[in-house]
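Participant: quick one: sequence and predicted model below, then my questions.
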There are 2 protein chains.
Amino acid sequence: MTASTASAPGSLMLLGEHAVLHGRPALVCAVNRRIRVTLRPRADREVHIRSSLGRYAIAIDQLQPADPFRFVIAAVLRQKDRLDAGLDLEIESEFSHQVGLGSSAAVTVATTAALLAWIGEPAEPQTIFDESLTVVRQTQGLGSGADVAASVFGGIVAYRASPVDIRKLDGTHPLTVIYSGSKRPTVEVVKLVEAAHAAQPKAFDTIFSLMGWSADAAAEAIAHGDWQTVGELMNINQGLMDAIGVSNRVLSEIVYALRDDPGILGSKISGSGLGDCVIGLGRAKRTEWPQVVLPVEIAARGFEVE
Amino acid sequence: MTASTASAPGSLMLLGEHAVLHGRPALVCAVNRRIRVTLRPRADREVHIRSSLGRYAIAIDQLQPADPFRFVIAAVLRQKDRLDAGLDLEIESEFSHQVGLGSSAAVTVATTAALLAWIGEPAEPQTIFDESLTVVRQTQGLGSGADVAASVFGGIVAYRASPVDIRKLDGTHPLTVIYSGSKRPTVEVVKLVEAAHAAQPKAFDTIFSLMGWSADAAAEAIAHGDWQTVGELMNINQGLMDAIGVSNRVLSEIVYALRDDPGILGSKISGSGLGDCVIGLGRAKRTEWPQVVLPVEIAARGFEVE
């Protein structure tokens, strides 16, 4: 084989982010923006990585995680013992890594799938998931894996982290996704929530349980095509996100502006919060927004080896 | 006796509004703005009421609740059998009835205290409370009585509605109180919450429990002078108020603007929501606000017969 190419979709958390790190279920979906990784063997023993974020080259035996490619490099390192030559990796992304669409998980899944295809291992979703989750957790020190599951399996996924439980749901719905204009690293936000959790363990545990319960309730509503209820649950969850300290003035403004729109059934932060995106469930009738509207839809396709 | 005068303070909910209607504890405080009622017997059998809201006169035997004096009239009606003549009632208020400072409870308590003083009954706080709570509940069809308790007892009160449990707390703290610019009647907001509660009973019951727990936790923190924790609990509660649907864009903006202020330990809606005031715990360093800042402090004085 002279090359292998794999792609994986970005993802959005619909419900249960933060709670999923505490053992509760979450809802996550794949989106129609993908990251594609093309792998070509090299004659030497170097690894060359190229994307719109820059270029990076190093001898395979000296390979170490380095920004902006630490997820890609960690994915390569994980399969290193099975590689008998250097690699060119070319990465193309249909979305910015700055807008909170799970680019780390998507690029890890696409890289892992391209690597395993080149090694000649069958592209089993469960294997790609397990390998990718390990890479993500090693690299960022934490991670529920919900975004990895969406990038691997596509569609809407009901997800639990430990033990891992992945359930694909039937059904889809239009979304309106608005970028708040800034991003705060997930790990940073998770640490803030951990500190607040330590100060008020009882309140936070109860809120996490409620977030998890609502992810389950929303999964059931989706099974019945009851998107009205999913919208209500999103609104309740937005309050819970505010309660654990991950909303702010800009996010709240977008949340309430979306709720004023007759096309929207509910709205909340997507992701760890204190930045990133706000999701409105439905297609907003309003077309002019003071923020960037991301042209994103829920997509059924998970990772693919081309 | 030719006249009797009684006054009672307005009040602010600190924590647990809405939850208190579902049997959970709340924290409420009296403020340094009062309503004073002066009662003078008349030679005829008429009742004349006069305040900045207008004048009203009717034969005592035809007396029926009528706006804008329905709480005052209901308080008179409750003692009517013990009155042997008509009355002039003059009402002076140090605050607008439109800003969410519990004017209905305060005027009911002041009127009841003036009436009982004139009748010659000792001004027992528990009696004034019981009589006033009955009047408030009859008049508006619902009411936890937390505002009545604050108007009667003064200071900060930990309150439960059924069975009634009133506990005065030691300690006080500066507040910054900002009026959102609009008021939505409590009864209307309570009905909206009831409908949402019926749609998601499990989530709402859990949230009400959490609100109640946090009122208890705040009472304990106040007992230890730990106002930092009270601020944290207020922030958590604000998210819970958002979760039950009683926050909005304007209230959120004020909440977050207060939290940006270095003098503020926490901030939340005070009262039923969808309007009224936002409380910041502490004295804001910022002095210019785009909204009306109410010059209100927690006050130790409850009702008084002069």
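Facilitator: Perfect, I can see it now. Numbers count the residues shown, from 1 in each chain, chains lettered A, B, ... in the order given.
Participant: number of nearby residues for the residue lying closest to residue A:154 once chain neighbours are set aside?
Facilitator: With sequence-adjacent residues excluded and distances taken as CB to CB, 6 or more residues apart in numbering or on different chains, residue A:154 is closest to residue A:302, at 3.2 Å. (Glycine included, C-beta is placed from N, CA and C.) For residue A:302, the tally of surrounding residues (other CB atoms under 10 Å in any protein chain shown) stands at 24.
Participant: now swap in residue A:218 and tell me
Facilitator: Neighbours of residue A:218 under the rule other CB under 10 Å: 30.
Participant: thought it was touching residue A:228?
Facilitator: No - Residue A:218 is beyond contact range of residue A:228, at 11.3 Å (criterion: CB atoms under 8 Å).
Participant: anything in contact with each of those two?
Facilitator: When contacts are counted by CB atoms under 8 Å, 6 or more residues apart in numbering or on different chains, the set common to residue A:218 and residue A:228 is empty.
Participant: measure residue A:191 to chain B for me?
Facilitator: To chain B, residue A:191 is 17 Å away according to CB to the nearest CB, to the nearest Å.
Participant: and for residue A:219?
Facilitator: Distance of residue A:219 to chain B, computed by CB to the nearest CB: 15 Å.
Participant: for that residue, give me phi and psi.
Facilitator: phi -60, psi -40 (degrees, to the nearest 10).
Participant: thought it was touching residue A:159?
Facilitator: No - with contact defined as CB under 8 Å, residue A:219 does not reach residue A:159; the gap is 9.8 Å.
Participant: between those two, which contacts overlap?
Facilitator: Counting by CB under 8 Å, 6+ apart, the residues touching both residue A:219 and residue A:159 are A:25, A:27, A:167.
Participant: any idea of the pLDDT on the last one?
Facilitator: We have a pLDDT of 97 for residue A:167.
Participant: that one bridge partners, please.
Facilitator: Taking DSSP bridges as the rule, residue A:167 bridges to residue A:158.
Participant: number of nearby residues for it?
Facilitator: Counted with other CB under 10 Å, residues neighbouring residue A:167 total 13.
Participant: contacts only, for it.
Facilitator: Per CB under 8 Å, 6+ apart, neighbours of residue A:167: A:157-159, A:219.
Participant: let's see the host helix or strand of residue A:35 as PDB, backbone CA atoms only.
Facilitator: Residue A:35 is part of strand A:26-41, with elements assigned from DSSP states H and E. In PDB, the C-alpha atoms belonging to strand A:26-41 read as follows (Å, rounded to 0.1, in the frame of the first residue of the first chain):
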ATOM      1  CA  ALA A  26     -24.000  12.200  28.200                       C
ATOM      2  CA  LEU A  27     -25.300  12.800  24.700                       C
ATOM      3  CA  VAL A  28     -22.900  13.700  21.900                       C
ATOM      4  CA  CYS A  29     -23.200  13.900  18.200                       C
ATOM      5  CA  ALA A  30     -21.000  13.900  15.100                       C
ATOM      6  CA  VAL A  31     -21.100  16.800  12.800                       C
ATOM      7  CA  ASN A  32     -20.700  17.300   9.000                       C
ATOM      8  CA  ARG A  33     -17.200  18.800   9.300                       C
ATOM      9  CA  ARG A  34     -14.400  16.300   9.100                       C
ATOM     10  CA  ILE A  35     -10.700  16.000   9.500                       C
ATOM     11  CA  ARG A  36      -8.900  13.900   6.900                       C
ATOM     12  CA  VAL A  37      -5.500  12.300   7.500                       C
ATOM     13  CA  THR A  38      -3.400  10.900   4.600                       C
ATOM     14  CA  LEU A  39      -0.500   8.700   5.400                       C
ATOM     15  CA  ARG A  40       2.300   8.000   3.000                       C
ATOM     16  CA  PRO A  41       5.400   5.800   3.900                       C
END
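Participant: give me the distance between that strand and the centre of its chain.
Facilitator: 10 Å (CA atoms, centre = their mean, to the nearest Å).
Participant: the more surrounded of residue A:219 and residue A:159?
Facilitator: The neighbour comparison of residue A:219 against residue A:159 (other CB under 10 Å) goes to residue A:159, with 26 against 23.
Participant: got the residues of the stretch 201-306 of chain A near chain B?
Facilitator: A:202-203, A:206-207, A:209-210, A:213-214, A:217, A:229, A:232-233, A:235-245, A:247-249, A:252-253, A:256-257 (CB under 8 Å from any CB of the partner chain).
Participant: what subset of these is buried?
Facilitator: Buried subset of those (neighbour count, 16 or more other CB atoms under 10 Å in any protein chain shown): A:203, A:206-207, A:210, A:213-214, A:217, A:229, A:232-233, A:235-245, A:247-248, A:252-253, A:256-257.
Participant: could you pull out the strands for the stretch 201-306 of chain A?
Facilitator: Using DSSP state E, counting those that start in this stretch, the strands of the stretch 201-306 of chain A run over residues A:267-270, A:277-281, A:292-294, A:304-305.
Participant: helices and strands around the second one, which ones?
Facilitator: Same thing as strand A:277-281. With contacts defined as 3 or more CB pairs under 8 Å, 6 or more residues apart in numbering or on different chains; DSSP states H and E, the packing partners of strand A:277-281 are strand A:4-15, strand A:175-179, helix A:227-243, helix A:249-259, strand A:267-270.
Participant: and the contacts of it?
Facilitator: A:12, A:14, A:99-101, A:173, A:175-180, A:227, A:230-231, A:234, A:251, A:254-255, A:258-259, A:261, A:263-271, A:294.
Participant: and if you look at stretch A:249-256?
Facilitator: Taking CB under 8 Å, 6+ apart as the rule, stretch A:249-256 contacts A:178, A:180-182, A:238, A:242, A:247, A:267-269, A:273-275, A:278, A:291, B:248-249, B:252-253, B:256-257.
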